[in-house]
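*Asks:* Okay, predicted coordinates and the sequence, questions at the end:
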Amino acid sequence: MRIVDVDRLDRAVRGHAAGQPRVVASGNHAVPWTALKAIDSELDRYRLFMLNAPAGVPDRDGVTLETPFIGAGMRDRPALAYYPSRLSLVPALLRRVAIPDIVVVHTTTPRDGTVSLGVEVNVLRAAIDAARSGGGLVVAQLNPRMPYTYGDAVVSVDDIDVAIEVDAPLGELPARSPKDVHRRIAAHVAGLVPDGATLQLGIGAVPDATLCELRDRRGLRVWSEMISDGVLGLEKAGALAPDTLVTSFAAGSAELYDWLDGNRRVRFLRTERSNDPAVIAQQRAMTSINAALQVDLFAQANASYRDRRVYSGFGGQTDFVVGALHAPDGHAIIALPAWHDATDSSTVLEKLPCPATSFQHSAIVSEHGVATIWGRTQREQARELIDHVAAPAARDALRRATICA
């Protein structure tokens, strides 16, 4: 690894600037902003591949945005190249299709010949491997504020070609006070989670509220694609077993990042391991809890499309739904409010008007109750959803649906 001033980074990049190179960069709350800006200023045309890109990423003529999971920085862009893909398969995408020419990551400063990817491992190890095997360039933004995390987060300095030093705060995920409807949903979800369960929780108000409802549990374990401050809350409440916590990325407060720094109890795994349904299925009482925008009477969930346009992507929901259903005593739970206030419409539909994100769950939950799905006939599933999940104002119309006849 060669450390250079940021104004000299352009020299390293020039050798990989032919045609329209692909740049893969850390996303979520670990964007290497300074390095990415320097690379953007050097390349006239390039492809920018990121997961959950936040607002502010380069978006101009000459930059083609690519992603399998859309964040605010790429959402609603007309020329966006969206790759529909389970998160567990994105590493294969980087090896076979979207092969990187330049990978730019946000890491710790070196320790004993290594750096750590800190709060964002995700698909980055696969990107680094693909770049190195294909003659690409690996760039690191070294930051003393990045927490040193373990597992697949640890990278040899020999795997990094060039680095710059930047002292800058990490992006934080603001804490949100849950609405009353989210608390009621969370209470129903928590009733499905026993002591000793292994948890995966997605992003959103309902998963966050559910973690608060689980603080009186004991012996909980974590095998999750991501963790946030809610997991730290479980730790403070004594709800977690002493086992290792497994994740792939973290997003939260400075307090969460301080807790992660040097914490060997938390292992960050590369996505092809953390999201492998076969590995997830080995976790005892694996319980996946994910949000959705809509569900239909066929028990299909939409967590990806809004107004019939792709809003986010599959993410890890499909991986964890399948893995949890195959785990001993496992459950896959989808949670959502029964009514969408902005459109004044039911979130329980006769049939989804867009592609489903996931299906065949254990249970679907709203503020009105719990519909048990798996093991019931199709008509029984529909009736469960109408009677226990749908808003009362929507039930009569749903009962007239063909599937209920």
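*Replies:* All right, it came through fine. Numbering: from 1, shown residues only.
*Asks:* Identify the residue spatially nearest to residue 13, adjacent ones excluded.
*Replies:* Of all residues beyond its chain neighbours, the one nearest residue 13 is residue 42 (4.7 Å), with distances taken as CB to CB, 6 or more residues apart in numbering. Every C-beta, even on glycine, is put in place using the N, C-alpha and C of the backbone.
*Asks:* tell me the contacts of the one you found?
*Replies:* By CB atoms under 8 Å, 6 or more residues apart in numbering, the contact set of residue 42 is 9-10, 13-14, 17.
*Asks:* Name the residues of stretch 357-371 that are buried.
*Replies:* Going by neighbour count (16 or more other CB atoms under 10 Å), the buried part of stretch 357-371 is 357-359, 361-371.
*Asks:* now the lowest-mean-pLDDT helix or strand in the chain, how far from the chain's geometric center?
*Replies:* Sorting the helices and strands of the chain by mean pLDDT, DSSP states H and E puts helix 9-14 at the bottom, at a mean of 88. In terms of CA atoms, centre = their mean, to the nearest Å, the centre of helix 9-14 is set 31 Å apart from its chain centre.
*Asks:* Output the very next helix or strand once past that helix as CSV, nothing but the C-alphas.
*Replies:* Tracing the chain past helix 9-14, the next element assigned as helix or strand by DSSP states H and E is strand 22-25. Taking Å, rounded to 0.1, in the frame of the first residue of the first chain, the C-alpha atoms of strand 22-25 are listed here in CSV:
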residue,chain,number,x,y,z
ARG,A,22,-16.3,0.7,-13.5
VAL,A,23,-15.8,2.2,-10.0
VAL,A,24,-17.1,0.2,-7.0
ALA,A,25,-17.3,2.2,-3.8
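*Asks:* So what does residue 201 look like in phi/psi?
*Replies:* Main-chain dihedrals, residue 201, degrees, to the nearest 10: phi -130, psi 130.
*Asks:* My read is that it contacts residue 210, right?
*Replies:* Yes: between residue 201 and residue 210 a contact is recorded at 6.7 Å, counting by CB atoms under 8 Å.
*Asks:* shared neighbours, these two?
*Replies:* Counting by CB under 8 Å, 6+ apart, the residues touching both residue 201 and residue 210 are 230, 289.
*Asks:* The stretch 301-405 of the chain: strands as residue ranges?
*Replies:* Counting by DSSP state E, counting those that start in this stretch, the stretch 301-405 of the chain has these strands, from start to end: 305-306, 309-310, 331-335, 339-340, 345-346, 348-349, 358-359, 363-366, 369-372.
*Asks:* pretty sure residue 348 contacts residue 298?
*Replies:* No: contact criterion CB under 8 Å: residue 348 and residue 298 do not qualify, at 11.3 Å.
*Asks:* Give me the more crowded residue out of these two.
*Replies:* For the pair residue 348 and residue 298, the greater number of neighbours falls to residue 348 (25 against 17), based on other CB atoms under 10 Å.
*Asks:* any idea how far the more buried one lies from residue 47?
*Replies:* 39 Å (CB to CB, to the nearest Å).
*Asks:* Quick one: low-confidence residue ranges for the stretch 201-350 of the chain.
*Replies:* Filtered on pLDDT under 70, the stretch 201-350 of the chain yields no residues whatsoever.
*Asks:* Equivalent analysis for the stretch 1-150 of the chain, please.
*Replies:* Using pLDDT under 70, the stretch 1-150 of the chain has no residue that qualifies.
*Asks:* Test of understanding: give the bridge partners of residue 359.
*Replies:* Applying DSSP bridges to residue 359 gives these bridge partners: residue 300.
*Asks:* so who does residue 128 touch?
*Replies:* Listed by CB under 8 Å, 6+ apart, the contact partners of residue 128 are 103, 105, 138, 155, 159.
*Asks:* Recalculate using a threshold of 7 Å.
*Replies:* Contact analysis of residue 128 by CB atoms under 7 Å, 6 or more residues apart in numbering lists 103, 138, 155, 159.
*Asks:* What about these, which are in helices?
*Replies:* For the contacts of residue 128, not one is inside helices, with DSSP state H as the criterion.
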